[in-house]
Every structure is written in C-alpha cells, then in structure tokens.
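**Q** Next input, structure requested:
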Amino acid sequence: MHKSLQSKVAIVTGASRGIGRAIALRLAAAGSKVVLTARDQQLLDAAVADIRVAGGTAESISLDLRAPASGQRVVEFAMAKFGRIDILVNNAGATKRGDFLDLSDDDFADGFALKYFGSVRLTRASWTHLKAASGSVVFISGAGGRTPGARFTIGGSVNAALLSLTKALADLGLRDGVQVNAINPGTIRTARYTARLNALAKERALDPAAAEREYVKNAAIARIGEPEEIAAMVELIVGPEGKMFHGSLIDMDAGSTKTI
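**A** Now for the predicted structure:
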C-alpha cells in the first residue's frame, strides 16, 4: 500500500503523550521517519516502541524546549539520524490556567517560553533544511487564540501569538518554498481534559459520562475531540493532497469558535 509520506522525515514536539503522540504515530504510519521530542524520556521510549512495533521508524530526544539551545539540538539530532527534515510539527507547550489577578509574571513568561519561543527557535533552526526539502511547518495552537476565556489569559495570548507567527512565516514560506499552517484544537480527550472532567464529576456528583454531557452542553460544542482527529488533519496538510493549505488557521474545535 502506498504511504503518503514515504521517505519524509518529521520532527514532532510534545510527542510523549496526547495530541503530539497521536501525530507522531500517524506520521510514522504514513511512512515518515519521525523524531519525537519531549521532556519525559520514559514516555518517549514507549511511543517510539509503539511506532517500531507497527513497522515504522522513529528516534527520540528528551529535552526542555524552554532552553535556548534546545531547538538547535533537536535539529542536529534529526540531521544526524536521518539526514534531512521535511516536516516540523510544533505541538509542545501547556500553559497555566487561572484567574488573571492570581497569575504572576513568571507564569506568563513560562507560558511563552515553551509554546511560543520554543516553537520560534526550533522553526528558525529547521528553516534551512525545510527550505531545501520544500517542507512543511504546522503549529498546534488552540481555539483560545481566537476566543480566549477569563481563566485562559496566558494560553489565549500565547496561541494568538502563534497564529500571528503562522501568517508572517507563511509569507516567508512563499519566498522559500516552505508550507506553513496552524491547527486550533478545541477540547480534546487528553490527560488534561480527563483531569478537568474528573473535577467536574466530583463537584457535581456525576458519573464521567454525565459530566461530559454537561461539559459539552455548557461549552456549546458538538462533542469532545480525539487526538487522532488532529493527527489526521496534520497528515492531510503535510501530504500531497494538502498543498492548498498555506497560512491557514484551521479550527478543529467542534464549534467553540463563533467568530468569522
């Protein structure tokens, strides 16, 4: 069977769990050689093992993308292992939620350090190789970048910055032949969502299924998304059928974004 990403090399950040892990597995299944990076080496090892058991090719490097030299280290690792970079998926970066008046300067700085500046540095370090390969960059931003909430002032600000970066780099990509896009996931079934759901269930004395129905109703969305759905969109964008995506900000949020 033909694999849409055969011979491609992809870097996926935040690849040890959740959306990033699903993306890494999906790209590997499509034929790409994948470099997974995150901070937890044990979880990375498990993800790499799953890819290899399924017949794919993967390597991992554990580091903290908040460190200024980390982006260059990932690129050097990928080039040493596979000799090229075709795809970069910037997914890493959780941000702290809370009341704006309780959030410190350090909380804001930490949110930008990983998700924004980590992405900036890794994209900059990868750009020459992506240009040589006519490659693709995908930023996994978030619905809060378009419609932030009161308890998501950090995440909304960081995600909005990534959306602006996507548009700016898409212009640069026209010159250099690099495709640049962003995906805005809404509420996705990850460990973070599960923790929030369990808290809601406990607070309202509900079973998990009932708590999820209440969550969906209160959020005015169609349903909770799955990591594999975001991964499928990434594969489409970076594959041969996704070339019309460029500078796109793709909302995958089950209707939470109401703006035009």
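**Q** what's the pLDDT at Ala219?
**A** The model reports Ala219 with a pLDDT of 93.
**Q** number of nearby residues for it?
**A** Using other C-beta atoms under 10 Å, Ala219 has 17 other residues around it. No exception for glycine: its C-beta is placed from N, CA and C like everyone else's.
**Q** Contact partners for Gly18?
**A** Listed by C-beta atoms under 8 Å, 6 or more residues apart in numbering, the contact partners of Gly18 are Ile188, Thr190, Ala191, Arg192, Pro227.
**Q** Inside strands: which ones of the residues you listed?
**A** When DSSP state E defines the strands, the subset of these inside them is empty.
**Q** Tell me the buried residues within those.
**A** Ile188, Thr190, Pro227 (16 or more other C-beta atoms under 10 Å).
**Q** which residues touch the residue at minimal distance from the centre of the chain?
**A** In the chain, the residue lying closest to the centroid (C-alpha atoms, centre = their mean) is Asn91, at 2.3 Å. When contacts are counted by C-beta under 8 Å, 6+ apart, Asn91 is found next to Val12, Thr13, Gly14, Ala15, Ile19, Gly20, Ile23, Ile140.
**Q** Need the residue in this protein that's farthest from the chain's center.
**A** Among residues of the chain, the one most distant from the C-alpha centroid is Ala205; the distance is 33.1 Å, by C-alpha atoms, centre = their mean.
**Q** What does the pLDDT read for that one?
**A** Ala205 carries a pLDDT value of 93.
**Q** For the strand or helix carrying Tyr215, list every residue counted as buried.
**A** Tyr215 is part of helix 208-219 when elements are defined by DSSP states H and E. Buried residues in helix 208-219, counted by 16+ other C-beta under 10 Å: Ala211, Glu212, Tyr215, Ala219.
**Q** any chance of the residues you listed in JSON lines, plus distance to Gly177?
**A** Converted to JSON lines, the buried residues of helix 208-219 look like this (distance: C-beta to C-beta, whole Å):
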{"residue": "Ala211", "distance to Gly177": "48"}
{"residue": "Glu212", "distance to Gly177": "44"}
{"residue": "Tyr215", "distance to Gly177": "43"}
{"residue": "Ala219", "distance to Gly177": "39"}
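**Q** And the strands in this protein?
**A** Going by DSSP E, the chain shows strands at 9-13, 33-38, 57-62, 87-90, 136-140, 179-185, 249-252.
**Q** So Ile250 sits against Ile183, correct?
**A** Yes. Counting by C-beta atoms under 8 Å, Ile250 does reach Ile183; the two are 4.9 Å apart.
**Q** Could you tell me the per-residue confidence at the nearest residue to Phe112 once chain neighbours are set aside?
**A** Computed as C-beta to C-beta, 6 or more residues apart in numbering, the closest residue to Phe112 that is not its neighbour in sequence is Val158, at 5.7 Å. Confidence at Val158, expressed as pLDDT, is 97.
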